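> coords please:
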Amino acid sequence: MSVRIETVEQLQNTKLVEQVLDRLRRTTQPRQFAFKKRCKLLGDKPVLITAPPGRKIKSSLLRELRLGTPTLKGIVHREKQRLIFTFTKKVNVADTTKWIAKCMHDAKSPVPLKCIIIRDPSNANQPILENTPEPTDKPLHIPNADLETEQIDELVPQQDDHDEAELGLDNISDPPSLDALLQHHISSKKMRWIIETEQALYQWRNELELHTQKGDIAEVRLHTLENNLETLQQSLSQLPQEEVTEANPWPILYQQCFESDLQLDTFRTILDHSSLNTTTLLKELQFFDQEAEIKALKTIREYCTDRGEIWQQEQLSPEKKQLQERIQHLEVEHTGALINYEMIQETINTLELKIQETLQKLSKRKLSVYQQLRDKIQGSEESFSVITVLREREQQCHALLSQ
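Below is the predicted model:
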């Protein structure tokens, strides 16, 4: 089955929560969410639940989580690097932003505060602006002693809005002015490696976005099939049971063989005199040796079991037969869709790991060439402005390497 949370037990599974919220970080399609700042059932901790695209959050789960602060609902979607949470009711923007950041951080899927955008009915259609505390907003306060004592602002790495928190796919290339100096002062071999690595990262980013979109489409298809299967199975269970006036003859035939003297000739005689179609089975038994009675009995049992199931299907009403055939067809489709979805997720995980490892190597190399450039331009007229840029770039590299 696909990754989702529908029970309290699943919500208490930290690994599953990590998977669900990590999936949220790279979603390309809107999802329903439910959010509580404090949930009594989870020890007064915040909780963020999301449903896969096209599905609703289980109402039975929300009923079990009703104690605590009010449950806030809405739709979340992604625009570039930002997660947009559109609530159905008006909320305190700064306060809610920090609590959602804490949920993501606790699930080992941190999202910078500036990348979490909060909307409500009053501003749902406004252009995206960076989150800034409103003048009337009070600082976040956590009076409950059971919650972690660390300040929320300390849990999520933050940096000024004009400065990227760390080196990443959106800022791997150096500014043109700095790049020109690097090309002039640093060896062509080192710069060639950096340029080729950046190009590879851009390509992998495009592949990652493409596979993420495929993953969302595959996930929607998977949930559609699951919904259809659930509907068909429910319809099947509501149909009345057929009244079978005679017993299934195939188990009776096997029982006759089992209660005989267990000789191969006896098996052949019983099968030959049966009114059932045993021609195929008799032909198969022709090649058995006289000492292979146990093997022959096993073959008879398997044959009678298969034929018995067919006989039972033939007793069903046309409507029930049609439903069962559709269910079997959808189960095959669901298996294929699940395999496809898991393969896409595996590709995404592989690409993300490759990108992260390459970014680490690139950061180390960039730090090296930045230091070389600093030494070569020290004391020149352009050194002051360049060193300021170098310092910013070095901070970005160090932020990535510290992860």
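> okay, CA-based contacts and neighbour counts for the rest of this
OK.
> Check what pLDDT the residue nearest to Asn248 when sequence neighbours are not counted gets.
Nearest non-adjacent residue to Asn248, counting by C-alpha to C-alpha, 6 or more residues apart in numbering: Gly308, 6.6 Å away. pLDDT for Gly308: 91.
> what does the one 5 residues further on give?
As summarised for this prediction, Gln313 has a pLDDT of 79.
> Remind me which helix or strand it belongs to.
helix 293-314 (DSSP states H and E).
> now Lys37
Short version, using DSSP H and E: Lys37 is in strand 31-39.
> Now stretch 339-354: buried residues?
Within stretch 339-354, the residues that qualify as buried are 340-342, 344-345, 347-348, 351, counting by 16 or more other C-alpha atoms under 10 Å.
> what mean pLDDT does that stretch have?
Averaging pLDDT along stretch 339-354 yields 87.
> List the contacts of that stretch.
204, 208, 211-212, 214-215, 218-219, 222 (C-alpha atoms under 8 Å, 6 or more residues apart in numbering).
> Please write out the alpha-carbon positions of that stretch in CSV.
Output of stretch 339-354 as CSV, limited to C-alpha atoms (Å, rounded to 0.1, in the frame of the first residue of the first chain):
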residue,chain,number,x,y,z
ILE,A,339,5.3,-1.8,-8.2
ASN,A,340,5.5,1.2,-10.5
TYR,A,341,5.0,3.6,-7.6
GLU,A,342,7.7,1.9,-5.4
MET,A,343,10.2,1.9,-8.4
ILE,A,344,9.6,5.6,-8.9
GLN,A,345,10.1,6.3,-5.1
GLU,A,346,13.3,4.2,-5.2
THR,A,347,14.6,6.3,-8.2
ILE,A,348,13.7,9.5,-6.3
ASN,A,349,15.6,8.4,-3.2
THR,A,350,18.6,7.4,-5.3
LEU,A,351,18.7,10.8,-7.0
GLU,A,352,18.3,12.7,-3.8
LEU,A,353,21.2,10.8,-2.2
LYS,A,354,23.4,11.3,-5.3
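> Any idea how far it is from the middle of the chain?
Averaged C-alpha coordinates place stretch 339-354 at 10 Å from its chain's average position (C-alpha atoms, centre = their mean, to the nearest Å).
> what's the answer for stretch 88-100, then?
25 Å.
> picking that back up, which neighbouring elements make contact with the strand holding Lys37?
Secondary-structure packing of strand 31-39 (3 or more C-alpha pairs under 8 Å, 6 or more residues apart in numbering; DSSP states H and E): strand 45-50, strand 72-79.
> mind putting those in a markdown table, distance to Thr279 and mean pLDDT included?
Below are the helices and strands packed on strand 31-39 laid out as a markdown table (distance: least, C-alpha to C-alpha, whole Å; pLDDT from 0 to 100):
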| stretch | distance to Thr279 | mean pLDDT |
| --- | --- | --- |
| strand 45-50 | 58 | 90 |
| strand 72-79 | 63 | 90 |
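> can you put those in a markdown table and add distance to Gln238 and mean neighbour count?
Converted to a markdown table, the helices and strands packed on strand 31-39 look like this (distance: least, C-alpha to C-alpha, whole Å; neighbours: other C-alpha atoms under 10 Å):
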| stretch | distance to Gln238 | mean neighbour count |
| --- | --- | --- |
| strand 45-50 | 31 | 21 |
| strand 72-79 | 33 | 18 |
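> Indicate which one of those is closest to Thr335.
Thr335 lies closest to strand 45-50 among these, at 23.8 Å (C-alpha to C-alpha).
> In the chain, what residue spans correspond to helices?
With DSSP state H as the criterion, the chain has helices at 8-11, 14-25, 59-64, 93-106, 152-155, 176-185, 188-238, 249-258, 264-273, 279-285, 293-314, 318-377, 383-401.
> Kind regards, and thank you for your time.
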